[in-house]
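Visitor: Give me the fold of what follows.
(one chain, ligands or ions: 2)
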Amino acid sequence: MFNKRIKVKELLQTEITGQEVIVMGWVRTFRNNQFIALNDGSTNNNLQVVVALGLLNEDTLKRITTGASIKVKGEVVPSLGKGQKIELKAIAIEILGDSDAEKYPLQPKKHSLEFLREIAHLRFRTNTFGAVFRVRHALAFAIHKFFNEKEFVYLHTPIITASDAEGAGEMFRVTTLPIDGTAPKKEDGSIDFNEDFFGKSTNLTVSGQLEAELGAMAFSEVYTFGPTFRAENSNTTRHLAEFWMIEPEVAFADIEDNMNLAEAFIQYIISYVMEHNKEDLEFLDARLAEEEKQKPQNERQEFGLIEKLKFVVDNKFERITYTEAIEILLNSPAYKKKKFKYDVQWGIDMQSEHERYLVEKHFKKPVIVINYPAAIKAFYMRLNEGCETGRETVAAMDILAPGIGEIVGGSQREERYDVLLNKMKQFNIPEKEMFWYLDTRKFGTVPHAGFGLGFERMVQFVTGMTNIRDVIPFARTPKNCEF
Ligand code: 4AD
Ligand code: MG
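Guide: Ligands and ions are numbered 1, 2, ... in the order given. I've put the predicted structure just below:
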């Protein structure tokens with residue numbers, strides 16, 4: 001068998017010396033024709049492989065270059081160097097794949113994140129991206145673990161859909177019709193989607209929520225975890241055109257249950273990573289501290305990465321209403337000194353500067369904001385009773401996180417058939433096409449609630465990476481679909 005290798009991570013933990021093992025990986029550096037730093041992605045820590053003088057011929061030595069892949073048979077020996085308990089004394093080395101040192105884009109030096117984005121096909125091989133993507137994996141695993149332990153059913157909602165779940169219209173069209181102007185047209189000149197693949201106009205989904213609600217009306221508790229797509233032309237450090245979302249949906253639950261679930265969920269997955277990815281977090285913590293040092297004093301974050309995560313796990317989130325949030329903003333020194341670019345008044349869709357003020361300056365912790373104006377939120381959110389006229393609110397819930405802003409969006413859903421129908425009319429949601437959604441309110445409707453966590457924003461929060469493009473393997477953003 002070719003692959004009887006031991007992983008570097010496992011090997012570095014061993015105390016037993018004298019044994020013979022096989023390792024494989026990529027050469028990070030090769031010093032003095034003697035010391036190979038070998039990495040296989042299982043950890044950021046490299047295995048030191050020691051090549052005795054005369055073991056390899058000149059030709060083989062030349063082929064041990066940064067980026068080359070090798071197979072090493074060696075004996076585990078105590079290390080004389082500091083920082084590692086053991087090293088591998090090479091018995092035989094086989095070159096698996098050469099890497100031309102002159103042409104290999106990843107030199108053993110510090111590269112900028114911008115440059116690494118251009119060579120995203122290789123950036124997994126750096127310490128930063130090694131740590132980020134192992135943490136991303138651990139978070140994904142913890143998410144499934146959390147819901148599995150609570151016996152939620154994992155529902156795979158469709159990626160191609162004919163509905164616009166958020167009613168925001170920022171969708172990518174899916175079609176097999178020709179785009180050269182020869183697509184079949186109706187009498188009024190518009191394209192005849194009856195002739196299209198699905199016999200109707202279809203898009204990539206912006207959210208699995210509406211279908212998740214159907215599941216919740218049978219299983220009581222479900223969640224989705226899948227890719228979602230938004231054709232919003234937002235070139236920010238927090239927006240992707242293709243991102244992953246986790247959407248739990250719970251029957252027999254109100255907005256307070258929803259808040260409790262979201263808070264417990266976020267704390268659980270952070271705790272999981274803190275327990276299982278200690279080394280990666282320590283690396284990212286140090287990396288962030290280094291990055292912060294480059295910033296002027298007043299722009300630096302107060303907490304280190306691990307400190308921040310610990311704080312979030314150990315402390316309750318702040319809970320306020322939208323109306324209270326607006327009050328805080330209106331009374332803030334920032335508002336009075338006209339520091340906000342966008343106006344503040346009841347009814348606005350808070351801008352990221354407002355959200356960041358609330359979490360980073362005012363509360364200094366995650367904040368759950370509920371009861372937003374009905375006019376700025378989606379049609380499916382439950383209308384609150386007893387509102388002042390002109391100040392109708394819905395049982396919406398956004399969670400704002402320090403450094404990120406909105407990380408979760410959710411709500412209690414409108415379970416009352418008549419109220420929902422009315423809302424759909426107001427928002428121009430086609431009732432005929434959405435008969436299936438309305439049916440749940442006709443046949444055994446129940447109070448229910450749910451939310452969506454933006455996975456990449458969560459990974460940003462946990463890794464401390466500033467740009468969302470650096471926490472997804474291959475980012476899709478406006479004018480960019482490389483790899
Ligand atoms: O607030 P949003 O639009 O809510 C929904 O889609 C609901 N259907 C969720 C639900 O109740 N089941 O999106 C939810 C979260 C946001 O809070 C944000 O974290 C993330 O998804 N998100 C994005 N992440 C990256 N890039 C984008 N363009 C994003 N748009 C939203
Ligand atoms: Mg939102």
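
Visitor: chain center to whichever helix or strand residue 280 is part of: distance?
Guide: Per DSSP states H and E: residue 280 is located in helix 278-293. Helix 278-293 sits 19 Å away from the centroid of its parent chain (CA atoms, centre = their mean, to the nearest Å).

Visitor: Next: stretch 413-421.
Guide: 32 Å.

Visitor: quick one: average confidence on it?
Guide: For stretch 413-421, mean pLDDT rounds to 98.

Visitor: And for stretch 169-188?
Guide: Here the average pLDDT along stretch 169-188 is 93.

Visitor: What of stretch 266-280?
Guide: 98.

Visitor: And for it, what's in contact with it?
Guide: For stretch 266-280, the external contacting residues (CB atoms under 8 Å, 6 or more residues apart in numbering) are 43-45, 130-131, 134-135, 138-139, 141-143, 145-146, 281, 306, 309-310, 312-313, 366, 399, 407-408, 453, 458, 462. (Glycine included, C-beta is placed from N, CA and C.)

Visitor: now residue 182: how far from ligand 1?
Guide: 33 Å (CB to the nearest ligand atom, to the nearest Å).

Visitor: and that residue, backbone torsions?
Guide: phi -100, psi 10 (degrees, to the nearest 10).

Visitor: nearest spatial neighbour of residue 310, skipping sequence neighbours?
Guide: residue 274 (7.3 Å; CB to CB, 6 or more residues apart in numbering).

Visitor: ok so that neighbour is a helix residue?
Guide: Yes: assessed by DSSP: H, G, I helix; E, B strand; the rest coil, residue 274 belongs to a helix.

Visitor: buried ones in the helix holding residue 280?
Guide: 280, 281, 283, 284, 285, 287, 288 (16 or more other CB atoms under 10 Å).

Visitor: re the thing from before, tally of neighbours for the residue nearest to residue 310?
Guide: Using other CB atoms under 10 Å, residue 274 has 16 neighbouring residues.

Visitor: Drop anything exposed from the contacts of stretch 266-280.
Guide: Judged by 16+ other CB under 10 Å, buried ones among these: 43-45, 130-131, 134-135, 138-139, 142-143, 146, 281, 306, 309, 312, 366, 399, 407-408, 453, 458, 462.

Visitor: Please compute how far stretch 231-250 lies from its chain's middle.
Guide: 9 Å.

Visitor: Please spell out which residues along it are buried.
Guide: Those would be 238-250, for stretch 231-250 by 16+ other CB under 10 Å.

Visitor: Please flag which of the residues you listed sit within strands.
Guide: The members of the buried residues of stretch 231-250 that map onto strands under DSSP state E are 242, 243, 244, 245, 246, 247, 248, 249, 250.

Visitor: contacts with ligand 1 among the residues you listed, please.
Guide: 243, 245, 247 (CB under 6 Å from any ligand atom).

Visitor: which ones are touching the last one?
Guide: What that stands for is residue 247. 207, 208, 209, 212, 223, 224, 225, 450, 451, 452, 453.

Visitor: And the helices in this protein?
Guide: 8-13, 58-63, 113-118, 127-149, 209-219, 255-276, 278-293, 305-314, 322-330, 333-336, 352-356, 417-426, 435-442, 455-463 (DSSP state H).

Visitor: between those, which one is nearest to residue 70?
Guide: Of all these, helix 58-63 sits nearest to residue 70, with 8.6 Å by CB to CB.

Visitor: which one is residue 220 nearest to, not counting chain neighbours?
Guide: Closest to residue 220 by CB to CB, 6+ apart is residue 251, at 4.6 Å.

Visitor: Quick check: residues of the stretch 301-450 of the chain near ligand 1?
Guide: 406, 407, 408, 409, 410, 411, 450.

Visitor: With distance to residue 392 as added columns, please give these in a markdown table.
Guide: Converted to a markdown table, these look like this (distance: CB to CB, whole Å):
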| residue | distance to residue 392 |
| --- | --- |
| 406 | 22 |
| 407 | 26 |
| 408 | 23 |
| 409 | 19 |
| 410 | 19 |
| 411 | 14 |
| 450 | 21 |
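
Visitor: Using CSV, write down the CA coordinates of the helix holding residue 280.
Guide: Extracted in CSV, the C-alpha atoms of helix 278-293 (Å, rounded to 0.1, in the frame of the first residue of the first chain):
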residue,chain,number,x,y,z
LYS,A,278,-6.2,25.6,20.3
GLU,A,279,-3.1,25.8,18.3
ASP,A,280,-4.8,27.3,15.3
LEU,A,281,-6.5,29.9,17.4
GLU,A,282,-3.2,30.7,19.2
PHE,A,283,-1.6,31.3,15.8
LEU,A,284,-4.5,33.5,14.6
ASP,A,285,-4.5,35.4,17.8
ALA,A,286,-0.8,36.2,17.4
ARG,A,287,-1.4,37.1,13.7
LEU,A,288,-4.2,39.5,14.6
ALA,A,289,-2.1,41.1,17.3
GLU,A,290,0.6,41.7,14.8
GLU,A,291,-1.9,43.2,12.3
GLU,A,292,-3.4,45.4,15.0
LYS,A,293,0.1,46.8,15.8
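
Visitor: what's the angle between it and helix 455-463?
Guide: 80 degrees (axes from the mean of the first three to the mean of the last three CA atoms, to 10 degrees).

Visitor: The residue nearest to residue 220 touches residue 221, doesn't it?
Guide: Yes: counting by CB atoms under 8 Å, residue 251 touches residue 221, with 7.1 Å between them.

Visitor: Neighbour count for those two, which is higher?
Guide: residue 251 (23 against 20).
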